[in-house]
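Asker: Quick one, what's the 3D model for this:
(2 chains)
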Amino acid sequence: MTQAVVPVSPAGQTTETTNPRRGDRAGKNRAPRSWRGWGFVGPFMLVFALVFIAPIAYSLYISVFRTQLVGGTQFVGLDNYIRAFQDPQFWDGVGRVSLFLVVQVPIMLGIAMLVALAIDSGRLYGKDFFRISVFMPYAVPAVVAALMWGFMYGPRFGLVGYINEFFGWSIPNPLGPQWILLAIGNIVTWSFVGYNMLIFYSSLRTIPVSLYEAAELDGAKQHHVIRHIKMPAIRGSIAVAMIFSIIGSFQLFNEPSILQKLAPNSITTYFTPNLYTYNLSFSGQQYNYAAAVAIIMGVFTMVIAYVVQLRGMRKDA
Amino acid sequence: MSMTTNRRRVLRGSAVAAALALTLTACGGTDRADEGSGSGGGSAAEGDLSGDLLVWAWDSTVPDVATAFEEANPGVDIEIVNAGTGNDQYTALQNAIQAGSGVPDLAQIEYFAIPQFAIGEGLADIGSMGASDLEDSFTPGPWSSVAINGGVYGLPLDSGPMALFYNEAVFAEHGVEIPTTWDEYLEAARALHAADPNLYITNDTGDAGFTTSMIWQAGGHPYEVDGTNVTVDFDTPEVAQFTDLWQTMIDEELLAPVTSWSDDWNQGLGNGTIATLTIGAWMPTNLENGAPAAEGDWRVAPMPQWEAGADLVTSENGGSALSVTSASQNADLAYAFLEFASVDEGVQIRVDGGAFPATVAELESEEFLGKEFPYFGNQKLNEVLAESAKAVAPGWQYLPYQVYANSIFNDNVGSAYVSGASLSDGIASWQDATIAYGNEQGFTVD
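Answerer: Now for the predicted structure:
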């Protein structure tokens, strides 16, 4: 390319003026060049700033103030954050979603994995139907799913009530304070097994058939294939599914919020951190404190998701 | 209507989405007040009024009133928006007031929530516009709910004097007398539940509105509000009167563990497993719609009394007012519509639509009192309900942040209903949480 350009300019000038011109360009022409770039990036940056940066910046901003019903707004620095770290209700919620995470996520991902392997094994009759059926609950909006399960959980006139009556059993009330977390875990598992199954299944499909053929030639059994070919190949998607599930657990909101109507004594207003921020800001008008809690929760979730991602990556490498 | 107190929001976004929505509302909301073209001129004779009004109300009879007002005043254009019921609307209204844009001219607000908006200066004091002369037009309970701190922050739309709604067929079947006192009520509860283990005299899973109404009837004044000085005291004999009774009901499992306004609840009311409701006078329409299967079975009796043989004493349960907002640029016109809706022709339109009025004139009119209700076996319900309206115990006050206090009721008291904790401990813990919140919010609470 340079060769093509050089002959056009007079030879002497080229060599002589190259350096000054370069200096020139650096001094005068930089601004117009960067503006042209902004012309392309601008629309994206504008939307990005409005949609992603602005809400976070706004939350950060309001989180350092306190607005009172009497006395108005004042700057309080990090008071809201300090308060959150000392707030037993907040930690109660964090503890609950952490427990949920530790118990529900492995179960959900385990089932999703089993289903994905079963479908991928090719030994299943009506594979497509099975796949769609398992995935179907994911297409049901979370609010509808929670309502639906809420009706079934009804200990008097719900499915649980009818089963108890019909068989003379006494299944404990799923909406009671001891069982409610399990009941919610069941709804979430039902909703998201299909979604995670699809993630696993799609990465199973990317394994070249030649690997299986080679394994067969080497006399590998099915469980060897799973352990040494399939599992290593989907390790990356396990990490992805795990990160989604962690975020989902920490953001638990829809299910408890819907079931709260049916079980107001089992689900407190601070049942999960998200529910807590919601009630703080919308029933309690404590927008500032709610923003601080939301930011702490956001950072917390990011850190944990990042750690899991790092671990996932390392295994991958 | 106070049923909405209990109705929880069905659709909720995540907190992040909520924060997002907040910002977007702040950016994108148009200032409705600026669009308002007209000069209202409250003193102008009817028919001459012109201008636009934005009204937030969930009550289904308000649109009819607006249509009638528009017909009488061709220059007026009223837009009714259902911005959600109860708490949903308060949230939206609070946000709009905070953002300073999109605030309606008039908003429907339940009595217990009025102090919160009045003290937050979201509502206009309409006392000087003529409202202070209307005291005698309304029954005392609703009036005391809108006349706060020397101002008037709305006019009553409807009211909820309490009465005992009972399923007569169930009582007759088991040969149980209709209770007139709370002692008899407890006996009836035992008798009914003993006769049929699936049968309960009523349901309760902890309801702040019901609890405060019961304490109200017992003569308690747990909340004393004087400007920003607030006293919260549930450690009184009147409160103990209620908690003793209700603790017994809970301990002996005489309360159906069904939450009001749930599907189970409507089924229970319809199939005769929930035999009574002590609830506000706005209940008849809800019962007709929610429990059509029990048509002809239900009747209404006066609220059971704490003292046998004494004069009837009742309390209010729910009900709402329509209030002019401080942000309204058209306050005179808004007030004109408000008077039309709450004391003039609007009242009859709303009564015809099934509302229970708060105006003395309607409550005393023969037509109103003589109305027969087919669902209730042609009983003249309004006779009982109007008596109840007159007998509301005076002097009750709500907190200036009752909406929040009610929202954390079950956090504190709920375990009494499901885990065997004591009801009075729960109420004490509720009191502490309420006091702490009040002080955080800048009130002086003790």
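Asker: Just confirm residue B:121 is within a helix.
Answerer: No: counting by DSSP: H, G, I helix; E, B strand; the rest coil, residue B:121 is not part of a helix but coil.
Asker: and it, what does it touch?
Answerer: residue B:326 (CB atoms under 8 Å, 6 or more residues apart in numbering or on different chains). C-betas here are computed from N, CA, C, even on glycine.
Asker: Which helix or which strand is home to residue 58?
Answerer: Because you didn't say which chain, this covers chain A. Per DSSP states H and E, residue A:58 falls inside helix A:54-62.
Asker: For residue A:156, see how far away the closest residue to residue B:290 other than its chain neighbours is.
Answerer: The shortest distance from residue B:290 to any non-neighbouring residue, by CB to CB, 6 or more residues apart in numbering or on different chains, is to residue B:266 (4.1 Å). Per CB to CB, to the nearest Å, residue B:266 is found 12 Å from residue A:156.
Asker: What score does residue 44 have for pLDDT?
Answerer: Because you didn't say which chain, this covers chain A. Residue A:44 is assigned 90 on the pLDDT scale.
Asker: not quite, I wanted chain B
Answerer: For residue B:44, the predicted pLDDT is 40.
Asker: Near residue A:170, how many other residues are there?
Answerer: Neighbourhood size, residue A:170 [other CB atoms under 10 Å in any protein chain shown]: 8.
Asker: contacting residues around it?
Answerer: Residue A:170 is in contact with residue A:164, counting by CB under 8 Å, 6+ apart.
Asker: Would you agree it falls within a strand?
Answerer: No: going by three-state DSSP, the assignment for residue A:170 is coil, not a strand.
Asker: Tell me how far residue A:280 lies from chain B.
Answerer: In this view, residue A:280 and chain B are 9 Å apart by CB to the nearest CB, to the nearest Å.
Asker: Excluding sequence neighbours, find me the nearest residue to that residue.
Answerer: Nearest residue to residue A:280 in three dimensions, chain neighbours excluded: residue A:290, at 4.0 Å (CB to CB, 6+ apart).
Asker: My guess is that neighbour contacts residue A:277. True?
Answerer: Yes: using CB atoms under 8 Å, residue A:290 is in contact with residue A:277, at 4.4 Å.
Asker: ok, these two, which is more surrounded?
Answerer: Ranked by neighbour count (other CB under 10 Å), residue A:290 and residue A:277 place residue A:277 first, with 30 against 26.
Asker: Confirm that the more buried one sits in a helix.
Answerer: Yes: under three-state DSSP, residue A:277 falls within a helix.
Asker: With residue B:116 as the reference, measure out to the residue nearest to residue B:290.
Answerer: To residue B:116, residue B:266 is 30 Å away according to CB to CB.
Asker: What of residue A:126?
Answerer: Distance of residue A:126 to residue B:116, given as CB to CB: 59 Å.
Asker: Neighbour count: these two, which is higher?
Answerer: residue B:116 (24 against 9).
Asker: The more buried one: which element?
Answerer: Assigned by DSSP H and E, residue B:116 falls within helix B:114-119.
Asker: Ok, residue B:361 next?
Answerer: helix B:360-364.
Asker: ok, back up a step: list the contacts for the residue nearest to residue A:280?
Answerer: By CB under 8 Å, 6+ apart, residue A:290 lies in contact with A:276-278, A:280-281, A:284, B:15.
Asker: again, only this time at 7 Å
Answerer: A:277, A:280-281 (CB atoms under 7 Å, 6 or more residues apart in numbering or on different chains).
Asker: how near is the closest residue to residue A:233 other than its chain neighbours to residue A:310?
Answerer: The spatially closest residue to residue A:233, leaving aside those adjacent along the chain, is residue A:207, at 5.0 Å (CB to CB, 6+ apart). Residue A:207 is 25 Å from residue A:310, where distance means CB to CB.
Asker: Between these two, which has more neighbouring residues?
Answerer: Comparing residue A:207 with residue A:310 by other CB under 10 Å, the one with more neighbours is residue A:207, at 16 against 11.
Asker: Surely the more buried one forms part of a strand?
Answerer: No: counting by three-state DSSP, residue A:207 falls outside a strand, being coil.
Asker: and it, backbone torsions?
Answerer: Dihedral angles of residue A:207 (phi, psi; degrees, to the nearest 10) stand at phi -70, psi 130.
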